[in-house]
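*Asks:* following is a predicted model, sequence given first.
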Amino acid sequence: MRQTWRWFGPKDQVSPADMAQAGVEGVVSALHHVPTGTAWSSDEIARRQNEIAHHPDGRPTGLAWEVVESIPVSEDIKRQSGPWREHVAAWKQSLEALAAAGIETVCYNFMPVLDWTRTDLAWPRPSGATCMRFDLIDFAAFDIHVLERPGAAESFPGDVADAAARRAAEMDEDQKAALARNVVFGLPGAADNFTMEDVKDHLAAYESVSDERLRAHLVDFLSEVAPVAQRLGMRLCCHPDDPPFPLLGLPRVVSTEADYRAMLDAVDVPANGVTLCSGSLGARADNDLPGMMERLGDRVHFLHLRNVSRDTDTLPCSFFEDEHLGGATDMVALVAAALREEKRRRDAGRSDAEIPFRPDHGQNLLDDHGRNAQPGYPAIGRLRGLAELRGVIAALSHGKVGPSA
């Protein structure tokens, strides 16, 4: 399993030098400054590769850009509206440029409007650490009483809607504004400039898009881009919905194993694959992560290894981002399944036998609290997660331990 680390570019408070000290083998990044729907140029790709490969003084870091996360899929592609065909063409051009630069793995998502949703970006834990949390009551209070989405109250269980009304009544205007900022943070590039009216406009654009229609649009998109990736020797890996249940009346089509199986079967080429994110998928009790790794393993091109603890096993539910070896997912069993898949690939002679993974997210620890890094991407919290995962991998790969030793 190849150890990678996400980097958001030169503005990221966690530098390539930090990554090198953490023992990272490869870097996950993207051209976040390029507008969605625009093709990535060879010059911009080369610039990012150079930023990763060299310290500011020119010394080599020993790192390379190995996984793209993400080439954004525009809302027009998801809705098949406006210039969506031009956006698909630009996506293909980006694949061509990345392949020419030697980058083979591209993660993307097909979530409408929101990339992810949390209500608290720094929820305190008893240890003094902080983490991201999705609180269902807070979210319902936002949806019903801050955003005031028509029909919002009916989309929650009655007891949740009642509790949300009480919680909203206890909030002052500053608290409501803070909650809205946390929720809106999941809008790509929108944390500082999206108003509630902007959000309402985005939601209105999806009023006629059902789950079935969005799934058909995903298949149409993959039918265009996956053959290009296959020809180029690349791997596309779709990230699951986060959280993996409906929010804000929007459709969800990548939340379960059945969703993935339908997507893979509809466009059945090896390049069309999965980003198995144990944190996103783990927010549903009915998602068996080790089993999914076994059953979907030959098409798992990228792993996000993190853990969440759910307040309940019902849907929808509240959850928080736990320690990597804590939470609801049996991380040791998941890593063991990934190692078995790698062995199957080596035995079959596959060139992609080593599966890249990253210690997705992490709790804020020690001086993470003052670093002001991207929410969910602290230096020390991820370093702890990577160290724990590295230990699990080393133990499971050791020939002198286990029942047969």
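*Replies:* Cool, the structure landed. Numbers count the residues shown, from 1 in each chain.

*Asks:* can you tell me the closest non-neighbouring residue to residue 362?
*Replies:* Nearest non-adjacent residue to residue 362, counting by C-beta to C-beta, 6 or more residues apart in numbering: residue 381, 3.0 Å away. Yep, even glycine has a C-beta here, placed from its N, CA and C like the rest.

*Asks:* next, count neighbours for the one you found.
*Replies:* Per other C-beta atoms under 10 Å, the neighbour tally for residue 381 reads 25.

*Asks:* does it touch residue 360 like I think?
*Replies:* No: assessed by C-beta atoms under 8 Å, residue 381 is found out of contact with residue 360, at 11.0 Å.

*Asks:* so what are the domain limits for the chain?
*Replies:* With domains defined by automatic domain parsing, the chain comprises 2-112+210-310+323-397, 132-204.

*Asks:* what about the shortest one, start to end distance?
*Replies:* Just to be clear, that refers to domain 132-204. Terminal residues of domain 132-204 lie 28 Å apart, using C-alpha to C-alpha, to the nearest Å.

*Asks:* quick one: end-to-end length of stretch 374-382, please.
*Replies:* Span of stretch 374-382 from end to end, C-alpha to C-alpha: 12 Å.

*Asks:* could you give me the average pLDDT of it?
*Replies:* For stretch 374-382, mean pLDDT is 93.

*Asks:* could the domains of the chain go into JSON lines alongside distance to residue 119?
*Replies:* As requested, the domains of the chain are exported to JSON lines (distance: least, C-beta to C-beta, whole Å):
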{"stretch": "domain 2-112+210-310+323-397", "distance to residue 119": "11"}
{"stretch": "domain 132-204", "distance to residue 119": "4"}
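
*Asks:* least reliable of the ones you listed going by mean pLDDT?
*Replies:* Mean pLDDT is lowest for domain 132-204 among the domains of the chain, at a mean of 90.

*Asks:* now do it: distance to the chain's middle.
*Replies:* How far domain 132-204 lies from its chain's middle: 21 Å, per C-alpha atoms, centre = their mean, to the nearest Å.

*Asks:* just stretch 319-339 next, same as before
*Replies:* 16 Å.

*Asks:* span of it from start to end?
*Replies:* End-to-end for stretch 319-339, by C-alpha to C-alpha: 28 Å.

*Asks:* phi and psi next, for residue 303.
*Replies:* Torsion angles at residue 303 (phi, psi; degrees, to the nearest 10) stand at phi -120, psi 130.

*Asks:* hmm, it is touching residue 355, no?
*Replies:* Yes: using C-beta under 8 Å, residue 303 is in contact with residue 355, at 5.9 Å.

*Asks:* pretty sure the residue nearest to residue 362 sits in a strand.
*Replies:* No: Residue 381: not assigned to a strand; according to DSSP: H, G, I helix; E, B strand; the rest coil it is helix.

*Asks:* residue closest to the middle of the chain?
*Replies:* Central residue of the chain (C-alpha atoms, centre = their mean): residue 239, 5.6 Å from the mean position.

*Asks:* if we can go back for a sec, okay, the domains of the chain, which one's buried deepest?
*Replies:* Most buried of these, by mean neighbour count (mean count of other C-beta atoms under 10 Å): domain 2-112+210-310+323-397, with a mean of 19.

*Asks:* where do the strands sit along the protein?
*Replies:* Along the chain, counting by DSSP state E, strands occupy 2-6, 26-29, 65-69, 105-109, 120-124, 130-134, 235-239, 272-277, 300-304, 307-310, 319-322, 356-358.

*Asks:* alright, calling it a day.
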